[in-house]
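*Asks:* okay, predicted coordinates and the sequence, questions at the end:
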Amino acid sequence: MNSVRYTLASLLEASADEVLGRLATLYARLGFQALWSNAIAAWRAQLPVLQQAARELIQFRSDSAEWPILFEYSIPLRDRRPDAIILAGNAIFVVEFKTGAESHTAVDVWQVQSYALDLRDFHPGCRGKTIIPILVATDAPTNEASERLIETQLRGASFAVQQVNAAGLGPCLRRFSASASTAGSDGVDADSWESARYSPTPTIIEAAQKLFGGHQVREISHAFSDTLDRTSKVISDAISRSRSEGIRTICFVTGIPGSGKTLVGLNAAHSPELLHESQTSAIFLSGNGPLVKVIREALCREQAARGVRKSEAIGVASSFIANVHGFIKAFGITHPDSAPDHHAIIFDEAQRAWSKEAVAKEHEIERSEPALVLDIMERVPGWAAIVALVGGGQEINTGEAGLAEWGRALANRDQNWCILASPDVLSGAESVAGHRLFPDGTPPNLRVVPIPDLHLRVNVRSHRAQFMGSWVNQLLLDGPSRTVTTEQFGNEFPIVFTRSLARAKEWLRERQEGRQRTGLLASSGAIRLRAYGLELSSAFRKGVSYPDWFLNPPGDVRSSFQLEIAATEFDSQGLEIDWAGVCWGGDFVVDPETKRWACFQFKGNRWIVPNGSTREYIRNKYRVLLTRARRGMIVWIPSGPDAARDPASFDAVTLRLARAGMEQLD
């Protein structure tokens, strides 16, 4: 057991010394001896309050005497423990004390609400239960409004945190035990509840480490395993069929932001099902250099913790994930007649493959990267498979060819490819920002099979932000967009904005706990944020280790937790952090007169209007930045001026965000 457990009846019979002794033993067993001296005084004050509340509850309804109460239950991976959890049949009370507190602060309210949300989302013993979070500020004045009965029906939305003082805990438990009656419901087996497998959705870094260690999607993401499993199975079956029938197949996979495209790609790249005799499994290829570096470093660190030598770990990690431009250079430019050992490749963010103009500029060969990839995989003997993971509105650099270039490259092949496609790439749906694989219709010489399961519809980056992608798309619409709100997020996924960078950092620090990563994000074009102490020049960023930024713990000055260095869209695309602080720059603002989004580049001493597709790249930068958060986000808009930007433009941005439903902190 990872808690101290009583029933409400046995708690009344226990002495304070007995309970404190058991808690001290728990702390010692969990390695928290140093924390016990700080906790003992608080528990001496809290125990009489809980015992009195238990006494009142038992007097109110006698069957509550056998309800289990768990002290200091450790929520896995959170490094934090609610003070008490009461298992009341179909109701679960989550109680957090603030001993000596005279008020209920927003930070404390969020803390207990966050406990409740995590239990609901990731603890199987909480599914279908009514969860009531209670914050006890022991010395707060009685607040009638906070003690009246508030319905907490779970509509897939938020919890109402009950805010009481020491005397109000008993009445609160009584009222909610009546409204969430356990009559006729199954009781909760405390042993089963406490030992149930807690399964939070992993970050992409954690997922890569687990997949590399031989786990599968179902093992690492229970909450969303069905949708990921279906897509993974389609991919696995397509590769297996290619191998058994000796054909060449390409799969186009789409999904909303945060839906797990990279996750299913990594799963395919390291799936034991794809190992066949002496043939190697697939390799995951990405043009995102920082993503490759961060995941490789994470794999190396995980292997080093197991005693593997670093040189060996680097070699193994490199066989799992590689830079796509290096792959294309090796087999398409330097050795154009050779073939890779891998029969299957996973191409992450395939729409970002280089155009033939970009390739010609770099290698003096007029072939686009999609065409070169098809050339390479046609030289692989026997059979080949390509899995193209396609995002929407994620093109952020000049020279990226887009989805249609894959269609053109396929239409011009001598060899036949079996094309399995998400319906979204054929229809130009929102998930691909309106782009189509075949803008002029499917060529008659191609075999195209639409497969709905190749589209991922559920946000697995954050269970609490299922509508984030659509919300961001609406926010970034050109011109006066229709009013959109954040009501669908409720209180579960806070998104707010501020005009103060100091306040934004404070908000992030208030929410950082355990392994939850906080960090600042900013557009690479927001150069004038230098005036506020944020350096974003390419020369500066080349000296930053973003693997350290994403992987190092709190207290390390190189980590994101320090809130000193902002990661740009190039550094963060494909990755994620729990709590994001997006720093708005002068490269993408609202024109105060036209009320339309306006794009700029900073040249010399002033902002200039860019030409052509650069404007769309700038818009997409903010699409990337605004969809990196897993738990919540604060946006900081400078008050200006910055010697080069009229502050009215930033004021207009705040109006747009407010119209979109974001709350302003200050």
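*Replies:* Nice, thanks for sending it over. Residues are numbered from 1 along each chain as shown.

*Asks:* residues near residue 112, how many?
*Replies:* 25 (other Cβ atoms under 10 Å). Yep, even glycine has a C-beta here, placed from its N, CA and C like the rest.

*Asks:* same question for residue 293.
*Replies:* 17.

*Asks:* any low-confidence regions in the stretch 101-250 of the chain?
*Replies:* 143-159, 179-188, 198-202, 211-225 (pLDDT under 70).

*Asks:* what about the helices in it?
*Replies:* Listed in chain order, the helices of the stretch 101-250 of the chain (DSSP state H, counting those that start in this stretch) span 106-122, 144-147, 169-179, 190-195, 204-212, 217-220, 225-245.

*Asks:* right, so of the ones you listed, which gets closest to residue 578?
*Replies:* Comparing the helices of the stretch 101-250 of the chain against residue 578 with Cβ to Cβ, the closest turns out to be helix 106-122 (10.6 Å).

*Asks:* so which elements touch the closest one?
*Replies:* strand 91-98, strand 130-137, helix 501-511 (3 or more Cβ pairs under 8 Å, 6 or more residues apart in numbering; DSSP states H and E).

*Asks:* would you mind listing where the stretch 401-550 of the chain has pLDDT under the threshold?
*Replies:* If you take pLDDT under 70 as the line, the stretch 401-550 of the chain has these spans: 459-466, 478-491, 514.

*Asks:* which stretches of it form strands?
*Replies:* 418-421, 447-450, 455-456, 495-498, 518-522 (DSSP state E, counting those that start in this stretch).

*Asks:* for the helices and strands packed on helix 106-122, give me TSV that also has mean neighbour count.
*Replies:* Listed next are these as TSV, based on neighbours: other Cβ atoms under 10 Å:
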stretch	mean neighbour count
strand 91-98	24
strand 130-137	24
helix 501-511	18
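
*Asks:* residue 261 is nearest to which of the helices of the stretch 101-250 of the chain?
*Replies:* Nearest to residue 261, of the helices of the stretch 101-250 of the chain and by Cβ to Cβ, is helix 225-245 at 8.7 Å.

*Asks:* in the closest one, what counts as buried?
*Replies:* Along helix 225-245, these residues count as buried under the neighbour rule (16 or more other Cβ atoms under 10 Å): 225, 227-232, 234-236, 238-239, 241-243.

*Asks:* re the thing from before, between the helices of the stretch 101-250 of the chain, which gets nearest to residue 257?
*Replies:* Nearest to residue 257 among the helices of the stretch 101-250 of the chain is helix 204-212 (12.7 Å), distances taken as Cβ to Cβ.

*Asks:* count of residues packed around residue 444?
*Replies:* Residue neighbour count, defined by other Cβ under 10 Å, stands at 6 for residue 444.

*Asks:* how close does it get to residue 237?
*Replies:* 26 Å (Cβ to Cβ, to the nearest Å).

*Asks:* just residue 589 next, same as before
*Replies:* For residue 589, the distance to residue 237 under the criterion Cβ to Cβ works out to 48 Å.

*Asks:* what are the structural domain limits within the protein?
*Replies:* Per the record, the chain has its domains at 4-195, 204-288+322-456, 468-664, by automatic domain parsing.

*Asks:* related to what we said a few turns ago, I'd like the helices of the stretch 101-250 of the chain laid out as CSV, including distance to residue 299.
*Replies:* Conversion of the helices of the stretch 101-250 of the chain to CSV gives the following (distance: least, Cβ to Cβ, whole Å):
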stretch, distance to residue 299
helix 106-122, 24
helix 144-147, 48
helix 169-179, 47
helix 190-195, 30
helix 204-212, 5
helix 217-220, 15
helix 225-245, 20
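
*Asks:* for residue 448, which of those is the nearest?
*Replies:* helix 225-245 (13.4 Å).

*Asks:* just the CA trace of the closest one, in PDB.
*Replies:* Output of helix 225-245 as PDB, limited to C-alpha atoms (Å, rounded to 0.1, in the frame of the first residue of the first chain):
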ATOM      1  CA  SER A 225      -5.500   2.800 -26.700                       C
ATOM      2  CA  ASP A 226      -8.500   2.100 -28.900                       C
ATOM      3  CA  THR A 227      -8.100   4.900 -31.400                       C
ATOM      4  CA  LEU A 228      -4.300   4.500 -31.400                       C
ATOM      5  CA  ASP A 229      -4.500   0.700 -31.600                       C
ATOM      6  CA  ARG A 230      -6.800   0.900 -34.700                       C
ATOM      7  CA  THR A 231      -4.500   3.200 -36.600                       C
ATOM      8  CA  SER A 232      -1.400   1.200 -35.500                       C
ATOM      9  CA  LYS A 233      -3.100  -2.000 -36.700                       C
ATOM     10  CA  VAL A 234      -3.900  -0.500 -40.100                       C
ATOM     11  CA  ILE A 235      -0.200   0.500 -40.500                       C
ATOM     12  CA  SER A 236       1.100  -2.800 -39.200                       C
ATOM     13  CA  ASP A 237      -1.200  -4.800 -41.500                       C
ATOM     14  CA  ALA A 238      -0.200  -2.600 -44.500                       C
ATOM     15  CA  ILE A 239       3.500  -3.300 -43.900                       C
ATOM     16  CA  SER A 240       2.900  -7.000 -43.300                       C
ATOM     17  CA  ARG A 241       0.900  -7.200 -46.600                       C
ATOM     18  CA  SER A 242       3.600  -5.400 -48.500                       C
ATOM     19  CA  ARG A 243       6.100  -7.900 -47.200                       C
ATOM     20  CA  SER A 244       4.000 -11.000 -47.900                       C
ATOM     21  CA  GLU A 245       2.800  -9.900 -51.400                       C
END
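
*Asks:* now do it: distance to the chain's middle.
*Replies:* Distance of helix 225-245 from its chain centroid, counting by Cα atoms, centre = their mean, to the nearest Å, is 25 Å.

*Asks:* what is the mean pLDDT for the longest helix along the chain?
*Replies:* As assigned by DSSP state H, the longest helix anywhere in the chain is helix 33-60. Across helix 33-60, pLDDT averages out at 83.

*Asks:* show me what the following helix or strand past that helix pairs with in its sheet, parallel or antiparallel.
*Replies:* Next along the chain after helix 33-60, taking DSSP states H and E as the criterion, comes strand 68-71. With DSSP bridges as the test, strand 68-71 is paired with strand 4-7 (antiparallel), strand 84-88 (antiparallel).

*Asks:* who touches the last one?
*Replies:* Defining contact as Cβ atoms under 8 Å, 6 or more residues apart in numbering, one finds that strand 84-88 is touched by 3, 8, 50, 64, 67-71, 73, 92-95, 173, 177, 180, 182, 188, 190, 193.

*Asks:* how far off centre is stretch 121-131?
*Replies:* On Cα atoms, centre = their mean, the centre of stretch 121-131 falls 21 Å from that of its chain.

*Asks:* can you list the buried residues in it?
*Replies:* 121-123, 125-126, 129-131.

*Asks:* okay if I get the residues you listed as a markdown table plus distance to residue 302?
*Replies:* Listed next are the buried residues of stretch 121-131 as a markdown table, based on distance: Cβ to Cβ, whole Å:
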| residue | distance to residue 302 |
| --- | --- |
| 121 | 25 |
| 122 | 22 |
| 123 | 26 |
| 125 | 29 |
| 126 | 30 |
| 129 | 35 |
| 130 | 39 |
| 131 | 34 |
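
*Asks:* and of those, the nearest to residue 424?
*Replies:* Checking those one by one against residue 424 (Cβ to Cβ), the nearest turns out to be residue 121, at 26.9 Å.

*Asks:* now for the buried residues of stretch 121-131, which pair is the farthest apart?
*Replies:* 122 and 130 (17.1 Å).

*Asks:* which SS state does the closest residue to residue 209 other than its chain neighbours fall under?
*Replies:* Closest residue to residue 209 apart from its sequence neighbours, by Cβ to Cβ, 6 or more residues apart in numbering: residue 302 at 4.6 Å. At residue 302 the chain is in helix, as set by DSSP: H, G, I helix; E, B strand; the rest coil.

*Asks:* that concludes my questions; thank you for your assistance.
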